[in-house]
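Enquirer: I'd like to go over a predicted model; first the sequence, then the structure.
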Amino acid sequence: MRRITSQPEAIAALSEVIAACERAVVFTGAGISTESGIPDFRSPSGLWTRMKPIQFQDFVRSREIRREAWTRRFEGEDTIAQASPNAGHRAVARLVEQGIVSAVVTQNVDGLHQLGGVPEEKLIEVHGTVRYCKCLSCGKRFENAEVRRIWAETHDAPDCDNCGGIIKAATISFGQPMPEAEMERATIEALSCDLMLAIGSSLVVYPAAGVPLTAKRNGARLVILNREETELDEAADLVINAEIGPVLSAVAKVN
């Protein structure tokens, strides 16, 4: 494992690795969005230092807990609504556009990869999205504005007008089953690439964090770009501890 902390050296090394690959996959976590003003989860100033995550089973069991979850959701939604894609998102989109990156697998739910230019068909959101909500029983989709209107009128956890089921943001909570189709797509991409570039992820949340490991075990090179050390550093071929946006922008030649 080679570790780099110098930005110029990081740009040179990452450029060399990308130039040598035939098919790359990008795997992103919360760290790529912090430069857009969206807080991460595990850092000293992260979300989970201020509030405990709500478990899926508790959300389903208790209407009171659902009210708390929706209160948090709408507070966080305002932060996300004000966020714009940063240099890192635009650089990833540029690598996709250049045909270097075949897919972007993301743990993020903020929708900034799409806004940054990554086509929907190239994006795999393994933890879901905040862009809409769904009924847990019948699967009916509810737009955020509609759910927020219901909340404003009732100040109560919304229920499905089709079947009476529980409405939830289309994100994957702790204890909730992972989306099978997205995980299958992510695994296929991991097994098809010769370079896995993990960006801004602590790589501790499984099974999503197993995607980079799958690529590595199948013979792909694993490069980790993150400000801090991660759980998989020892398994990586190259670890870059530097600012994400500036490094990726230089590599992808984004102005």
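Expert: On my side now, so go ahead. Numbering: from 1, shown residues only.

Enquirer: And the strands in the stretch 151-255 of the chain?
Expert: 167-171, 195-199, 221-225, 238-240 (DSSP state E, counting those that start in this stretch).

Enquirer: Tell me which of the ones you listed is the most buried.
Expert: strand 195-199 (a mean of 26; mean count of other Cβ atoms under 10 Å). Any C-beta I mention is one placed from the backbone N, CA and C, and that applies to glycine too.

Enquirer: helices or strands up against it?
Expert: helix 7-20, strand 24-28, helix 210-217, strand 221-225 (3 or more Cβ pairs under 8 Å, 6 or more residues apart in numbering; DSSP states H and E).

Enquirer: Could I get those in TSV, plus columns for mean pLDDT?
Expert: Formatted as TSV, the helices and strands packed on strand 195-199 follow (pLDDT from 0 to 100):
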stretch	mean pLDDT
helix 7-20	96
strand 24-28	98
helix 210-217	97
strand 221-225	98
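
Enquirer: for these, which one sits closest to F59?
Expert: helix 210-217 (24.6 Å; Cβ to Cβ).

Enquirer: Other residues contacting the closest one?
Expert: Helix 210-217 has contacts (Cβ atoms under 8 Å, 6 or more residues apart in numbering) with 25, 27, 105, 126, 186-187, 190-191, 193, 196, 198, 203, 222, 224, 232, 235-236.

Enquirer: next one: it to chain centre, how far?
Expert: Offset of helix 210-217 from its chain centre (Cα atoms, centre = their mean, to the nearest Å): 16 Å.

Enquirer: picking that back up, from the helices and strands packed on strand 195-199, which stretch is densest packed?
Expert: Of the helices and strands packed on strand 195-199, strand 24-28 is the most buried (mean count of other Cβ under 10 Å), at a mean of 27.

Enquirer: roughly how far out does whatever helix or strand comes next after it sit from the chain middle?
Expert: Heading C-terminal from strand 24-28, the first helix or strand you meet, by DSSP states H and E, is helix 56-61. Centre-to-centre, helix 56-61 and its host chain are 23 Å apart (Cα atoms, centre = their mean).

Enquirer: Following the chain past helix 56-61, name the next helix or strand.
Expert: helix 63-81.

Enquirer: got the CA positions of that next one in CSV?
Expert: C-alpha atoms of helix 63-81 as CSV (Å, rounded to 0.1, in the frame of the first residue of the first chain):
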residue,chain,number,x,y,z
ARG,A,63,-45.6,6.8,15.0
GLU,A,64,-43.9,9.0,17.5
ILE,A,65,-40.5,8.0,16.1
ARG,A,66,-41.8,8.5,12.6
ARG,A,67,-42.7,12.1,13.6
GLU,A,68,-39.1,12.6,14.8
ALA,A,69,-37.7,11.1,11.6
TRP,A,70,-39.8,13.5,9.5
THR,A,71,-38.8,16.5,11.6
ARG,A,72,-35.2,15.6,10.9
ARG,A,73,-35.9,14.9,7.3
PHE,A,74,-37.4,18.3,6.6
GLU,A,75,-34.6,20.1,8.5
GLY,A,76,-31.9,18.2,6.5
GLU,A,77,-33.9,18.6,3.3
ASP,A,78,-33.4,22.3,3.5
THR,A,79,-29.7,21.9,3.8
ILE,A,80,-29.6,19.6,0.8
ALA,A,81,-31.9,21.8,-1.3
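
Enquirer: buried set for the next helix-or-strand element following that helix?
Expert: Downstream of helix 63-81, the first helix or strand assigned by DSSP H and E is helix 87-97. Judged by neighbour count using 16 or more other Cβ atoms under 10 Å, the buried positions of helix 87-97 are 87-96.

Enquirer: Give me the most central residue, this protein.
Expert: N108 (2.1 Å; Cα atoms, centre = their mean).

Enquirer: so what's the closest residue to R67 other than its chain neighbours up against?
Expert: Of all residues not flanking R67 in the chain, A157 sits nearest, at 5.2 Å (Cβ to Cβ, 6 or more residues apart in numbering). Neighbour list for A157: 63, 66-67, 69-70, 166-167 [criterion: Cβ under 8 Å, 6+ apart].
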